[in-house]
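Asker: Need coordinates for the below:
(2 chains)
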Amino acid sequence: EVQLVESGGVLVQPGESLRLSCAASGFTLSTFWMTWVRQAPGKGPEWVANIKQDGSVKYYVDSVKGRFTISRDNPKNSLYLQMSSLRAEDTAIYYCARLTTDAYGYYHLDVWGKGTTVTVS
Amino acid sequence: QTVVTQEPSFSVSPGATATLTCGLNSGSVSSSHHPSWYQQTPGQAPRTLIYSINTRSSGVPDRFSGSILGNKAALTITGAQADDESDYYCLLYMGSGIWVFGGGTKLTVL
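Answerer: Just a heads-up that it's a prediction; the model follows:
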């Protein structure tokens, strides 16, 4: 079964750091772009970051640039999000998701984890 | 700043058709935006519904369809059912590696 399981979400104080993990199973992580998406309480999802298959290319939403770092360890089938200088507005459920492409080259998020909750207070 | 626009709420009667849209505050949505649609019920992770404009994800009922209508992406639910009552989000690719979700539409079936 294709599955993503996030972990690492906790309650932290403003300014602190935290690392989220996402364990992938049922597929070969190294063949997919991967994504972090977050959802603040009562709000819609927000794309946070993407990382290429080999980790050589990374993209971030402006609000986390310089504070968050996406990374991956393909042999360990794991995706990470290192978060620093956390702010109250970073409070959210953080989902990892697989970014895949169809036969025509159109990308979309096709597999989602259940999320892990980060509270900054 | 690019904003992806969706109707905040939409009501549909059971058995009727609902068309939800996904637009841009500047410009038109096209296939180059890789439009996709996600359904979310409270307490659950989003579920992929439609990608590549009009391809249904595995297990999605055929009453859900996608298209480009005018200058927007559209999600059409033909013959809405009570369990379609959810939040619906579109996702667009803005180029340069940047993706943006729409603000979402809360669909009510009554």
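Asker: what pairs with residue 38 across the strands?
Answerer: If you meant another chain, say so; for now it's chain A. A:Glu46, A:Tyr94 (DSSP bridges).
Asker: not what I meant, chain B
Answerer: B:Thr48, B:Tyr89.
Asker: For it, list the residues it contacts.
Answerer: Contacts for B:Tyr38 (CB atoms under 8 Å, 6 or more residues apart in numbering or on different chains) come out as A:Pro45, A:Leu109, B:Pro46, B:Arg47, B:Thr48, B:Leu49, B:Tyr88, B:Tyr89, B:Cys90, B:Leu91. The C-beta positions use only the backbone N, C-alpha and C, and glycine is treated the same way.
Asker: what about 10 Å?
Answerer: Residues in contact with B:Tyr38 (CB atoms under 10 Å, 6 or more residues apart in numbering or on different chains) are A:37, A:44-45, A:97, A:108-109, A:112, B:45-51, B:57, B:75, B:86-91, B:101-102, B:104.
Asker: Kindly report the same for B:Asp84.
Answerer: B:Val12, B:Pro14, B:Ala18, B:Gln39, B:Pro61, B:Arg63, B:Phe64, B:Ile77, B:Leu107, B:Thr108, B:Val109.
Asker: Would you confirm that A:His108 contacts B:Tyr93?
Answerer: Yes - between A:His108 and B:Tyr93 a contact is recorded at 9.4 Å, counting by CB atoms under 10 Å.
Asker: list residues touching both of those two?
Answerer: B:His34, B:Pro35, B:Ser36, B:Trp99.
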